[in-house]
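Undergrad: Okay, here's the prediction I keep looking at, along with the sequence it came from:
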Amino acid sequence: MDDRTHFLRRFVNTAYVASLAYLERSVPFWPIERIEHLQRHRLRSMMQHAYDTVPFYRQVMDERHLRPRDFKNVTDLSALG
């Protein structure tokens, strides 16, 4: 990868992260229902990623007959412990 391509990729990634940070600034002012919906979405996404990519979490969930879709809110994480 040449320097120009590397610079362009870094610039695009930095712009993307900056735009996400800008959007995240407003989250504390959202209605609680919308925040909870976002939390549930992020939790499901995180648990699916952990199940798909981390053998330890896949093994723990399989042993406990859990699937990523079983995690509805953060209190459900205690099932892993």
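TA: That came through, no problem.

Undergrad: Tell me the buried residues in the host helix or strand of Arg44?
TA: Under the criterion of DSSP states H and E, Arg44 resides in helix 32-53. Judged by neighbour count using 16 or more other C-beta atoms under 10 Å, the buried positions of helix 32-53 are 43, 47, 50-51. Heads up, the C-betas are built off the backbone N, CA and C, glycines and all.

Undergrad: could you dump the helix or strand of the chain with the lowest mean pLDDT to PDB, C-alpha only?
TA: Lowest on mean pLDDT, DSSP states H and E among the helices and strands of the chain sits helix 3-24, with a mean of 91. Taking C-alpha atoms only, helix 3-24 is exported to PDB below (Å, rounded to 0.1, in the frame of the first residue of the first chain):
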ATOM      1  CA  ASP A   3       1.600   6.400   1.200                       C
ATOM      2  CA  ARG A   4      -1.200   8.100  -0.600                       C
ATOM      3  CA  THR A   5      -3.600   5.200  -0.200                       C
ATOM      4  CA  HIS A   6      -2.600   4.900   3.400                       C
ATOM      5  CA  PHE A   7      -3.300   8.600   4.000                       C
ATOM      6  CA  LEU A   8      -6.700   8.400   2.200                       C
ATOM      7  CA  ARG A   9      -7.700   5.400   4.300                       C
ATOM      8  CA  ARG A  10      -6.700   7.100   7.500                       C
ATOM      9  CA  PHE A  11      -8.600  10.200   6.500                       C
ATOM     10  CA  VAL A  12     -11.700   8.300   5.700                       C
ATOM     11  CA  ASN A  13     -11.600   6.300   9.000                       C
ATOM     12  CA  THR A  14     -11.000   9.500  11.000                       C
ATOM     13  CA  ALA A  15     -13.900  11.200   9.300                       C
ATOM     14  CA  TYR A  16     -16.100   8.200  10.000                       C
ATOM     15  CA  VAL A  17     -15.200   8.100  13.700                       C
ATOM     16  CA  ALA A  18     -15.600  11.900  14.000                       C
ATOM     17  CA  SER A  19     -19.100  11.600  12.500                       C
ATOM     18  CA  LEU A  20     -20.100   8.800  15.000                       C
ATOM     19  CA  ALA A  21     -18.800  10.900  17.900                       C
ATOM     20  CA  TYR A  22     -20.800  13.800  16.700                       C
ATOM     21  CA  LEU A  23     -24.000  11.700  16.600                       C
ATOM     22  CA  GLU A  24     -23.300  10.100  20.000                       C
END
